[in-house]
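**Q** Give me the fold of what follows.
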Amino acid sequence: MKFNFFHLMPFPDYDKVPHEWPVSTHGIDMHRVSELYREYVDEMAEAENYGFDWVGCNEHHYSPYGLMANPNLIAGSLAHRTSKAKIAIVGNLLPLLNPIRVAEEYAMIDVMSGGRLVAGFLRGIPHEYIAYNIPPSQSRSRLREATELIIKAWTEDEPFGWEGEHYQFPAVSIWPKPIQKPHPRILMSASNEESAEFVAKMRAIMGVTLIQDLGAARKAIEHFKTVARGYGWEPTPDDILVGQQICIADSDEEAKAHMASAQAYFHQTLMRPQRTAQQLVLQQSRYYTDASVGENFQKRLATLRNRSVDEQIEAGSIICGSPESVVKQIKRLQQELGCGLLNLTIKVGNMPSSVVKRGMELFRDRVAPEVAAL
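**A** Below you'll find the predicted structure:
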């Protein structure tokens, strides 16, 4: 198995309960944010020395949920502070961005890192479309066209023009091209049947997050495999990434206590404005072509929010415990889901940096040696 040290870069000191989105920055000390950037980038840069194969980040806007409006800036820093780990941007929200700019920045990161980019192409959370004033109903068509345009920009040596539904460019010829040929590996979300078809068509890595239970995740993965076979290829474990929040401590009791406290901040503070915005967008737009998919998404969030830590462990929604317990949970995930990639969020909510660091040490010394060969 391979493991991604994934970081949301949350703001851990928000002492109010935000009820609206966007969230006000009144009273926030930006010098504290500067300290957090240093702390978080240091954690990510050090992760490759703690048994992690990838280091990863993503993109969010307008709230303390994440301080990473542009993950490519973080990736550029990591390209020269790491030497072995893949740099996994999970990912750029393509429908919101200029696809040529994404193609250029991703190519730069791949070249700067010596060919270590994993390129995430994501639709994003519904309310992000308000932030960038893009119609949510166009999210799928924009994602498809942007993906095709970026791949052509990466692989076509001669200048070309593009006349599409959403994007028009009279001439394209990006410098540099990626080192990886024909192009860096693409990662896309396929948590539901709506998205699985395009991910399989593109032969991308399938990402599954917000696991309500192993049965639902297994169903999504099997559907992806079935669709992929229809496109003439057979996914391997290296084509399936599963995202999990994780806490590793010296005992089960300590890990569970840390996770419960961190998740309380995550759900009650960081996720509260996200939920408000998501509900508004889902009510007023066609982000989901099938309304039941959006309803199921909201129910899944509510289920995860209302479960105890023990219930989440039992359901396979999180990884939490002593090194011995974590090894058992990872083995269970691999056996149940056939995944070869785990996207692990150690900095959950306001998890103290000392707990994150201890978890990284325990992962290196007592977890990775037991599961790396799975």
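**Q** residue boundaries of the strands in the stretch 1-150 of the chain?
**A** Remark: strands assigned in the stretch 1-150 of the chain by DSSP state E, counting those that start in this stretch are 2-7, 54-57, 86-93, 117-122.
**Q** next one: the stretch 201-350 of the chain
**A** Under DSSP E, counting those that start in this stretch, the stretch 201-350 of the chain gives strands at 205-208, 240-248, 318-321, 341-345.
**Q** Can you give the distance of the second one from its chain's centre?
**A** Relative to the mean C-alpha coordinate of its chain, strand 240-248 is positioned 10 Å out (CA atoms, centre = their mean, to the nearest Å).
**Q** So which helix or strand of this protein has the lowest pLDDT on average?
**A** Using mean pLDDT, DSSP states H and E, helix 291-306 stands out as the lowest-scoring helix or strand of the chain, at a mean of 64.
**Q** For the stretch 101-250 of the chain, just list every one of the helices.
**A** For the stretch 101-250 of the chain, the helices defined by DSSP state H, counting those that start in this stretch cover 128-131, 139-155, 193-201, 214-230.
**Q** Turn those into JSON lines, including distance to D252 and mean neighbour count.
**A** For glycine as for every other residue, the C-beta is placed from the backbone atoms N, C-alpha and C. Converted to JSON lines, those look like this (distance: least, CB to CB, whole Å; neighbours: other CB atoms under 10 Å):
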{"stretch": "helix 128-131", "distance to D252": "37", "mean neighbour count": "21"}
{"stretch": "helix 139-155", "distance to D252": "41", "mean neighbour count": "20"}
{"stretch": "helix 193-201", "distance to D252": "35", "mean neighbour count": "19"}
{"stretch": "helix 214-230", "distance to D252": "20", "mean neighbour count": "17"}
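**Q** How much space separates the residue nearest in space to the middle of the chain from G56?
**A** Residue closest to the mean C-alpha point of the chain, counted by CA atoms, centre = their mean, is V90 at 4.1 Å. For V90, the distance to G56 equals 5 Å [CB to CB, to the nearest Å].
**Q** about what we covered before: dump the strands of the stretch 201-350 of the chain to JSON lines, plus distance to Q279 and mean pLDDT.
**A** Formatted as JSON lines, the strands of the stretch 201-350 of the chain follow (distance: least, CB to CB, whole Å; pLDDT from 0 to 100):
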{"stretch": "strand 205-208", "distance to Q279": "23", "mean pLDDT": "96"}
{"stretch": "strand 240-248", "distance to Q279": "22", "mean pLDDT": "97"}
{"stretch": "strand 318-321", "distance to Q279": "24", "mean pLDDT": "98"}
{"stretch": "strand 341-345", "distance to Q279": "24", "mean pLDDT": "98"}
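**Q** Could you dump those strands into JSON lines with mean neighbour count and distance to S173 added?
**A** Shown next, in JSON lines, are the strands of the stretch 201-350 of the chain (neighbours: other CB atoms under 10 Å; distance: least, CB to CB, whole Å):
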{"stretch": "strand 205-208", "mean neighbour count": "24", "distance to S173": "28"}
{"stretch": "strand 240-248", "mean neighbour count": "25", "distance to S173": "32"}
{"stretch": "strand 318-321", "mean neighbour count": "25", "distance to S173": "45"}
{"stretch": "strand 341-345", "mean neighbour count": "23", "distance to S173": "33"}
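**Q** Mind putting the ones you listed into TSV with distance to D310?
**A** TSV is the format used below for those (distance: least, CB to CB, whole Å):
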stretch	distance to D310
strand 205-208	22
strand 240-248	13
strand 318-321	9
strand 341-345	19
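**Q** hmm, back to that, just send the strands of the stretch 1-150 of the chain back as TSV, with distance to P159 and mean pLDDT too.
**A** Listed next are those as TSV, based on distance: least, CB to CB, whole Å; pLDDT from 0 to 100:
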stretch	distance to P159	mean pLDDT
strand 2-7	36	98
strand 54-57	32	96
strand 86-93	23	96
strand 117-122	22	97
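**Q** Between the ones you listed, which one is closest to K177.
**A** strand 117-122 (12.3 Å; CB to CB).
**Q** Okay, now the sheet partners of the closest one, with direction.
**A** Sheet pairing here is set by DSSP bridges, and for strand 117-122 it gives strand 86-93 (parallel), strand 185-189 (parallel).
**Q** so where is the stretch 201-350 of the chain shaky, pLDDT-wise?
**A** Applying pLDDT under 70 to the stretch 201-350 of the chain flags the ranges 280-302, 304.
**Q** again, 90 this time
**A** Counting by pLDDT under 90, the ranges of the stretch 201-350 of the chain that qualify are 209-213, 216, 272-306.
**Q** Need the winner for burial among the strands paired with strand 117-122.
**A** Most buried of the strands paired with strand 117-122, by mean neighbour count (mean count of other CB atoms under 10 Å): strand 86-93, with a mean of 26.
**Q** Figure out how far that strand is from the centre of its chain.
**A** 7 Å.
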